[in-house]
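Trainee: 3D, please:
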Amino acid sequence: MIKNENIICISSIDWDFIWQGHQEIMSAFAKNGNRVLFIENTGIRSPTFKDIPRITKRIVNWFKSIKGFRKEAENLYIFSPLILPFPYSRIASWINKYLMLKALKHWIEVTRFNNPIVWTFLPTGIALDIIHSVNAKVLIYYYIADFNLLTKNYKKLKKAEERLMKECDIIFVQGEYFKERCFKFNKNVFIFPFGVNIEIFEDFKRGDQYIPRDLKSLQRPIIGYIGGLHRHIDFNLIRNIAITHPDWPIVMVGPVQTSVTQIKDLKNVHLLGKKDFSQLPAYVNQFDVCIVPYLLTEYTKTVYPTKINEYHIMGKPVVSTNLPEVIAADEGYLVSIATDAKNFTEKIENILLNDDKASIDARIRSAKNNSWNNRIEQMSNEIERVFKKKSYDIPTKWQEKFIELYRRSRMRVLRLSFAVTLLWIIIFYTPFVWYLAEPLKFTQEPQKADAIVVFAGGVGESGIAGQGYEERVSHAVELYKKGYAKNLVFSSGARSTFPEPYVMKALAISLDIPPESIVLEDTASRTYENVKFTNEILNKKGWNKIILISSPYHMRRSLLVLKKVAPDKKVIYSPVPHSEFYRHGVDEEGRKIWKQINLSQIRGIVHEYAAICFYWLKGYI
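Mentor: Here you go, the predicted model:
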């Protein structure tokens, strides 16, 4: 077995979940002097309501640890990352990549966990992110399940999985079906079904073979099952066995992971819940026949249940539904394969009548051959061959690798350049930004009012004081002369050479507006104060209906503030019809141009959206 290595395991289950090959393999490596970091499940699907306990457990583990890291045993460390549970969202992936990889890199640096073997059970994008963030000595993918069948985003998962298989140094698979699939992308594929922990079962045989308390009152024969009660179990089959043989106690040991209403009402079906792995031998020892009652689906046709070896090491007979991988692996015909519910029951009856010592011994020998010690030793041999091959390839193939490294770097630069160029074209040479800015605009037909209120430009749009007031005053004068109102209110606290409202008044007077028709508000420094101070003037004058003039993209913010500060006022929104600052798509002579927007206009639009967000936080709107 490999020794004195650093190993990062990207797991598809959490450490505290049902004890499986993930924990078994990594525990064995840790006991043999390797340092192991076990990264708990980062997910292949978005969570549902039933995942709340698991998510809660993850949060609790994170707070009990140091930034998600804890020591489980000698040489064995667990990382429980807190991530956004949306594995196929690009934004969530960016955030998760930043949060998780930052913590992981710091931990690797502090613990000097350098040049690790990376062993992944997950083929997801976030698994690839982890893999690419470390300098892996060897990359291993253990293909134990067809995850494509467990998620709606199978296209994205399939793409990530194919990329992973191409990048791997070695792939371990559960059976022939997976080997054929992987072989298209990687020729270094080996079949290694999950094994059995012989030590726990052998220790039980050598010790006091106690009977679990919840089995003592049951009559024989006992039909037994160990494992999760999940959606792949044929509960109709269990029900049929229980009804046709009410004298058979059917014992199911494992956590309930789906609805069990089909069997819960049956008196001879006993659901005992999850038990510690060390207790399982005592339960299996009391079973007269062990069962694998799985539905035959696209998912289960790729599965070889580990529990078969756990049944066999205790010498127990097994009846299974006709799972392809079980049939392929059962060369010695040690498992009775049933074709339907009736045949399943017949197989149990036949075993109860005809089982013998020779069959028992054959099962035990088979399980010993499939022990985890043997399995992990065989895997280690394949890994060490990769070590030797890679150490040989480094001096002999450095030129190819060096050229490939530069080729990849060049491709990254080209992709980045293309993305930047495309983004530049979209922003500056298409109406895209104007489309995004459209919700800021709000226009109504002018109506007769008590006053025309003009909010001057200040420095909000262009960043330069004194710009934009001429067109707003001109528009106000035009509406005044058309008889829409007899009063003008100019609001601005901005200053250039002179206070802006006085310049606006001078311009209006030069356009034949009587001075007595003009009221100035000269202290407001932002839109909120424009509204607040103008509203005080309106209240003093008894004016309740106004026409508001400002720039087109300032109207939405003005509207929101007026609704909050002056809800009793009737406002008609009439932005300047032709804003020079926001003019786009044509030059000064009205000729069409390719460029649609400039940086100043983008800054003005972004300023408006940012100001609305700020006003919302401040409670102004």
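Trainee: and the helix or strand encompassing residue 534, how far out from the chain middle?
Mentor: Of the helices and strands defined by DSSP states H and E, residue 534 is found in helix 527-541. Averaged C-alpha coordinates place helix 527-541 at 49 Å from its chain's average position (CA atoms, centre = their mean, to the nearest Å).
Trainee: for the helix or strand following it, name the packing helices and strands.
Mentor: The helix or strand immediately downstream of helix 527-541 is strand 545-549, counting by DSSP H and E. Strand 545-549 sits against strand 451-455, helix 469-481, helix 555-565, strand 570-573, with contacts defined as 3 or more CB pairs under 8 Å, 6 or more residues apart in numbering; DSSP states H and E. For every residue, glycine as well, the C-beta is placed using N, CA and C.
Trainee: again, only using 10 Å
Mentor: strand 451-455, helix 469-481, strand 488-491, helix 527-541, helix 555-565, strand 570-573 (3 or more CB pairs under 10 Å, 6 or more residues apart in numbering; DSSP states H and E).
Trainee: which parts of it are buried?
Mentor: Residues of strand 545-549 classed as buried: 546-549 (neighbour count, 16 or more other CB atoms under 10 Å).
Trainee: widest-spaced pair of those?
Mentor: The span of the buried residues of strand 545-549, defined through CB to CB, is set by 546 and 549 at 9.6 Å.
Trainee: in which helix or strand does residue 607 reside?
Mentor: Assigned by DSSP H and E, residue 607 belongs to helix 599-618.
Trainee: just the residues contacting that helix, thanks.
Mentor: 427-428, 433-434, 436-437, 439-440, 459-464, 526-528, 551, 553-557, 560-561, 564, 579, 581-584, 597-598, 620-621 (CB atoms under 10 Å, 6 or more residues apart in numbering).
Trainee: for the stretch 251-400 of the chain, what spans make up the strands?
Mentor: Ranges of strands within the stretch 251-400 of the chain are 269-273, 289-292, 318-321, 335-338, based on DSSP state E, counting those that start in this stretch.
Trainee: can you pull out the low-pLDDT segments for the stretch 251-400 of the chain?
Mentor: 331-332, 391-400 (pLDDT under 70).
Trainee: ok so, going back, tell me the angle the helix holding residue 534 makes with helix 555-565.
Mentor: 50 degrees (axes from the mean of the first three to the mean of the last three CA atoms, to 10 degrees).
Trainee: I'd like to know which elements helix 527-541 is packed against.
Mentor: strand 451-455, strand 488-491, strand 518-521, strand 545-549, helix 555-565, helix 599-618.
Trainee: residue 333: which of these is closest?
Mentor: When the helices and strands packed on helix 527-541 are compared by CB to CB, helix 599-618 sits nearest residue 333, at 70.7 Å.
Trainee: how far off centre is that closest one?
Mentor: Using CA atoms, centre = their mean, the offset of helix 599-618 from its chain centre is 31 Å.
Trainee: going forward, the N-terminal residue is numbered 30.
Mentor: In the new count, where the first residue is 30, that last one comes out as helix 628-647.
Trainee: okay, buried residues for it please.
Mentor: 630, 633-634, 636-638, 640-641, 644.
Trainee: closest to residue 41 among the residues you listed?
Mentor: Closest approach to residue 41 among the buried residues of helix 628-647 (CB to CB): residue 638, at 41.9 Å.
Trainee: re the thing from before, can the helices and strands packed on helix 556-570 go into a markdown table with extra columns for distance to residue 315?
Mentor: Shown next, in a markdown table, are the helices and strands packed on helix 556-570 (distance: least, CB to CB, whole Å):
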| stretch | distance to residue 315 |
| --- | --- |
| strand 480-484 | 85 |
| strand 517-520 | 88 |
| strand 547-550 | 90 |
| strand 574-578 | 84 |
| helix 584-594 | 72 |
| helix 628-647 | 65 |
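Trainee: nearest to residue 385, of those?
Mentor: helix 628-647 (78.5 Å).
Trainee: quick check: mean pLDDT of that closest one?
Mentor: Average pLDDT, helix 628-647: 91.
Trainee: then stretch 50-57?
Mentor: 92.
Trainee: cool, stretch 568-575 as well?
Mentor: 94.
Trainee: end-to-end on it?
Mentor: 12 Å (CA to CA, to the nearest Å).
Trainee: any buried residues in that stretch, and which?
Mentor: In stretch 568-575, counting by 16+ other CB under 10 Å, buried: 572, 575.
Trainee: which residues touch that stretch?
Mentor: The contact list for stretch 568-575 (CB under 10 Å, 6+ apart) reads 476-482, 514, 516, 518, 548, 563-564, 566-567, 591, 595, 597-602.
Trainee: how far does that stretch sit from its chain's centre?
Mentor: 55 Å.
Trainee: also stretch 168-184?
Mentor: So, by CA atoms, centre = their mean, the centroid of stretch 168-184 is 15 Å from its chain's centroid.
Trainee: ok, stretch 373-383 next?
Mentor: On CA atoms, centre = their mean, the centre of stretch 373-383 falls 47 Å from the chain's centre.
Trainee: please put the alpha-carbon coordinates of it into PDB.
Mentor: What follows is stretch 373-383 as a C-alpha-only set of coordinates in PDB (Å, rounded to 0.1, in the frame of the first residue of the first chain):
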ATOM      1  CA  PHE A 373     -37.800 -13.700  -5.600                       C
ATOM      2  CA  THR A 374     -40.000 -15.400  -2.900                       C
ATOM      3  CA  GLU A 375     -39.300 -18.800  -4.400                       C
ATOM      4  CA  LYS A 376     -35.600 -18.200  -4.300                       C
ATOM      5  CA  ILE A 377     -35.900 -17.400  -0.500                       C
ATOM      6  CA  GLU A 378     -37.900 -20.500   0.100                       C
ATOM      7  CA  ASN A 379     -35.400 -22.700  -1.800                       C
ATOM      8  CA  ILE A 380     -32.500 -21.300   0.200                       C
ATOM      9  CA  LEU A 381     -34.200 -21.900   3.500                       C
ATOM     10  CA  LEU A 382     -34.700 -25.600   2.600                       C
ATOM     11  CA  ASN A 383     -31.400 -26.300   0.800                       C
END
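Trainee: which outside residues touch it?
Mentor: 249-250, 252, 263, 266-267, 269-270, 273-274, 277, 317-320, 322, 345-351, 364-369, 388.
Trainee: in that stretch, what counts as buried?
Mentor: Neighbour-count burial for stretch 373-383 [16+ other CB under 10 Å]: 373-374, 376-377, 380.
Trainee: ditto for stretch 388-395
Mentor: Within stretch 388-395, the residues scored as buried using 16+ other CB under 10 Å are 388, 391-393, 395.
Trainee: tell me the domain ranges of the protein?
Mentor: 35-220, 227-395, 427-458, 466-647 (automatic domain parsing).
Trainee: how about these, which one is nearest residue 412?
Mentor: Across these, closest to residue 412 is domain 35-220 (CB to CB), at 6.1 Å.
Trainee: and that closest one, how far from the chain's centre?
Mentor: 13 Å.
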